[in-house]
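test case, fold it:
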Amino acid sequence: MPRFLLGIAFYLMIGSLAGVVSAADSDALLPEMALGAADAPVTIYEYSSLTCGHCANFHRQTLPEIKKAYMDAGKVRLVFHDFPLDNLAYAAALLPHCAGPQRYFGFLEVLFRTQETWAGSKDPLNELKKVARLGGMSANDFDACLGNQPLFAAIRDRAAADGKAYAIEATPTFRIGDQTIVGGQPFDAFKKIIDEALKAAK
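Residues are numbered from 1 along each chain as shown. Now for the predicted structure:
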């Protein structure tokens with residue numbers, strides 16, 4: 001097994017030993033991470049994996065359009081939920097949470113924008129460590145983050161609960177009111193449903 005896979009397996013084996021996290025502890029470890037006005041009439045719930053190419057495309061291309069058209073005007077907010085599809089995605093998902101609420105979306109966006117660099121690397125853990133270092137994490141901080149058993153368990157359990165509650169089988173998946181968008185859809189697909197939701201909210 002390549003060295004980087006051994007490294008990921010080691011960190012995630014430690015995390016997988018963590019038991020089920022209570023709902024209260026999960027809420028404390030995973031506070032709601034949202035972009036946009038708290039009182040926006042429409043909320044988009046996003047379920048994404050950091051190794052998912054369509055998820056990265058949404059953050060690179062479609063989300064900026066949604067921000068410009070709706071979020072900047074206080075009409076829409078987006079709530080992000082981790083839905084890791086593989087071991088590397090789990091490792092990456094830990095980092096924004098460890099960075100803290102103020103830096104969460106900054107880390108998230110950098111990870112999506114540099115996805116091809118670290119996810120496609122022969123040594124993705126080392127590349128993730130570089131991203132973490134640029135974000136102000138020390139090597140010790142990085143190691144502690146990837147070995148954070150309660151946080152790993154909280155992400156794992158919430159993703160499982162979301163998958164069951166909303167029948168999520170692919171990423172990205174988005175919920176807007178009672179409507180669902182799955183996969184790499186263009187801005188116009190979101191615009192249609194957002195406009196309908198805004199009209200209904202009046």
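
hey, let's count contacts and neighbours off CA atoms from now on
OK.

which strands and helices sit next to the longest helix seen in the chain?
Counting residues, the longest helix in the chain under DSSP state H turns out to be helix 149-166. With contacts taken as 3 or more Cα pairs under 8 Å, 6 or more residues apart in numbering; DSSP states H and E, helix 149-166 sits against helix 3-16, helix 23-29, strand 76-82, helix 87-99.

hey, least reliable of these by pLDDT?
Ranked by mean pLDDT, the helices and strands packed on helix 149-166 bottom out at helix 3-16, with a mean of 45.

can you tell me which residue is spatially central in this structure?
The geometric centre of the chain, computed from its C-alpha atoms, lies nearest to residue 82 (Cα atoms, centre = their mean), at 4.0 Å.

and for residue 102, the neighbour number?
Residue 102 has 11 neighbours, counted by other Cα atoms under 10 Å.

per-residue confidence for it?
Looking at residue 102, its pLDDT stands at 92.

for it, what is the enclosing helix or strand?
Under DSSP states H and E, no helix or strand contains residue 102.

and for residue 200?
Using DSSP H and E, residue 200 falls within helix 187-201.

what is the orientation angle of that helix with strand 76-82?
Calculated by axes from the mean of the first three to the mean of the last three Cα atoms, to 10 degrees, helix 187-201 forms an angle of 120 degrees with strand 76-82.

what is helix 187-201 packed up against?
Here helix 187-201 touches strand 42-48, helix 63-69, strand 173-176, going by 3+ Cα pairs under 8 Å, 6+ apart.

pick the most buried one from these.
Ranked by mean neighbour count, the helices and strands packed on helix 187-201 are led by strand 42-48 with a mean of 22 (mean count of other Cα atoms under 10 Å).

alpha carbons of that strand, as CSV, please.
Taking C-alpha atoms only, strand 42-48 is exported to CSV below (Å, rounded to 0.1, in the frame of the first residue of the first chain):
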residue,chain,number,x,y,z
VAL,A,42,-34.9,30.9,1.2
THR,A,43,-32.3,28.4,2.4
ILE,A,44,-30.3,26.1,0.2
TYR,A,45,-29.0,23.0,2.0
GLU,A,46,-25.9,21.6,0.3
TYR,A,47,-24.6,18.0,0.8
SER,A,48,-21.1,17.7,-0.8
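
any idea which helix or strand comes after it?
Next in sequence after strand 42-48, counting helices and strands by DSSP H and E, comes helix 53-57.

what's the spacing between that following helix and its chain's center?
11 Å (Cα atoms, centre = their mean, to the nearest Å).

packing partners of it?
If you count contacts as 3+ Cα pairs under 8 Å, 6+ apart, helix 53-57 packs onto helix 104-113.

A helix includes residue 40, no?
No. Applying DSSP: H, G, I helix; E, B strand; the rest coil, one finds residue 40 to be coil, outside a helix.

can you pull the contacts of it?
Contacts here follow Cα atoms under 8 Å, 6 or more residues apart in numbering; on that basis residue 40 touches 74, 75, 76, 77.

can you tell me how far the first one is from residue 45?
For residue 74, the distance to residue 45 (Cα to Cα, to the nearest Å) stands at 16 Å.

with the second one instead?
Distance, residue 75 to residue 45, using Cα to Cα: 14 Å.
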